[in-house]
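Engineer: For reference, the sequence and a predicted model appear below.
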Amino acid sequence: MIKSRSIFGLVAAGCALGLACPQPSRAVVSDEDFNALKTLVQQMNGKLQSLEQTNLQDQRVIQQLQQKLTETQRTAVEAQQNSIATAQAQAAAPRVPLDEATVNHNFQILGDAEIQYNKTDHQNGAFLLADFAPIFLYRGGENILFEAGFDFGLQNNSPNGGGYTTTVNLSFAQLDYVLNDYLTLCAGDLVLPLGTYSERSAGWLNKFPDNPLAVDLVPGTGVGAELRGALPLGETGKLLNYSIYGVNGPGSANGTGNAGALDLGGNVGITSGGSTANTHGNLVGGARVAFFTPFKPHYDLEVGLSGQSGEWDDAGKHLWSAGVLDAALHLGANFEAKGEYIISRYGSDDLGQIHQQGWFLQAGYKLAGLNLNLPALNNLELVARYDSMRDGLGTHTRRYTAGYIYYLTSALLFEGDYEIIRSSDPAQPTSQFILQMSYGF
């Protein structure tokens, strides 16, 4: 601004000096030129004044922006401090019970039901109410889960009496507390991770109307506590699944250590006589570890190894132990194969060491994978299974099964299979035909 005024002063001085000095007659400035120069000087002076006003306005705007920036920074700091204080207060405050609307929202009933027709050789065919199995799920908060399953059925009372009996069994009931993303504590009547069949394939999830023979060699549930979870291995979807648990374990059905007294599921800590103690002195421990790897969408493999060992007889003199190798393979959305190999060992007073083993392998293929554009075939899945069991008491049974699943809907299934049975026990049938309607809800 000072430089602009200096230039203006030099111009004015030059003009005045020019007027004061004598000039030749031919250099005399006319009135018209003088007025034009005067007008130009006035215009330049006006522009300089306008620039001064603009400069002052710009300085005021800059000051206002600086004040707003200071206020914004102060507000941000106060908001951060308030947020930290609120979070600390919430962490220290007691949890408020869920209201009725939240409770109802976090409660669900799932399960399955099956109606079955069975025709076994040398026996009359009959319709059976195979199973009605509701599962109650409740979420008590971010970390608390509860689940319980029941089995309802009908049983013919003959030949001891007329009519029928309704049976109700508690399949499992467990409370789960999620410790973190990788570990959950479970307690109650647990579904045991001896293999994967009991947890993932029983009931409506099974592709066959009946269970593999070998799963009867290990208990499906046990009363106790368990820690379980999974660890990611890299960022490709690979997982390491694991669980470790302690339960009451098998017990003796009649209090003896004889081989026939082994009871895999009855030792729940409560007896009909009022006792509330374990039938033997120590708990039984078990664990499972498995590796899961996906190849691409719908292509994956899981291999697991599990085991359990501990006392079983009332005197605590004999051990019961079992090991299970399980595997499951998916090749696309239409093919699945899975199987388990099971061994168990237990000592007894009358027969010494009892060695049991069994295994099964099953596969299924959905005909939708053929891309034939035929709705009747696209809803059909063909299944096959081979299973075998040695009970360690002299009986060896093998079974060959072929069947189908027709998907009326994704939850309503019409199943059928034909089984050929070869057993050293003459009381076993040689074949049977089963039809079943299953519904999962």
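Structural biologist: That came through, no problem. A quick note: this is a predicted structure, and the numbers were derived from the prediction, not measured.
Engineer: give me every residue that touches Gly153.
Structural biologist: Gly153 sits next to 129-132, 166-167 when contact means C-beta atoms under 8 Å, 6 or more residues apart in numbering. Backbone N, C-alpha and C define where each C-beta goes, glycine included.
Engineer: And the furthest pair within those?
Structural biologist: Distances among the contacts of Gly153 were taken as C-beta to C-beta; the most separated pair is Ala130 and Thr166, at 14.1 Å.
Engineer: quick one on the thing from earlier: among the contacts of Gly153, which one is most surrounded by other residues?
Structural biologist: Using other C-beta atoms under 10 Å as the neighbour test, the contacts of Gly153 are led by Ala130, with 22 neighbours.
Engineer: Is that one in contact with Gln116, as I believe?
Structural biologist: Yes - if you go by C-beta atoms under 8 Å, Ala130 and Gln116 touch, sitting 4.1 Å apart.
Engineer: intersection of neighbour lists for those two?
Structural biologist: Taking C-beta under 8 Å, 6+ apart as the contact rule, Ala130 and Gln116 both touch 209, 436.
Engineer: Touching the one helix or strand Tyr386 maps to from outside, list them.
Structural biologist: Element membership of Tyr386 [criterion: DSSP states H and E] is strand 380-390. Applying C-beta under 8 Å, 6+ apart, the external contacts of strand 380-390 come out as 207-208, 212-214, 216-217, 355-367, 396-407, 417.
Engineer: next one: stretch 288-300
Structural biologist: Contacts with stretch 288-300, where a contact means C-beta under 8 Å, 6+ apart, come from 193-194, 236-243, 301-307, 326, 329-333.
Engineer: Please point out which parts of it sit buried.
Structural biologist: Neighbour counts using 16 or more other C-beta atoms under 10 Å place 288, 290, 292, 300 of stretch 288-300 among the buried residues.
Engineer: ditto for stretch 346-360
Structural biologist: By 16+ other C-beta under 10 Å, the buried positions in stretch 346-360 come out as 346-348, 354, 356-360.
Engineer: Also stretch 155-164?
Structural biologist: Buried, per 16+ other C-beta under 10 Å, within stretch 155-164: nothing.
Engineer: Ok, stretch 357-375 next?
Structural biologist: Of the residues in stretch 357-375, 357-368 count as buried by neighbour count, 16+ other C-beta under 10 Å.
Engineer: Just the ones in strands from those, please.
Structural biologist: Mapping the buried residues of stretch 357-375 onto strands (DSSP state E) picks out 357-366.
Engineer: which one of these is nearest Ile62?
Structural biologist: Lys366 (72.7 Å).
Engineer: one step back: now, among the buried residues of stretch 346-360, which is nearest to Ser201?
Structural biologist: Set against Ser201, the nearest of the buried residues of stretch 346-360 by C-beta to C-beta is Phe360 (10.4 Å).
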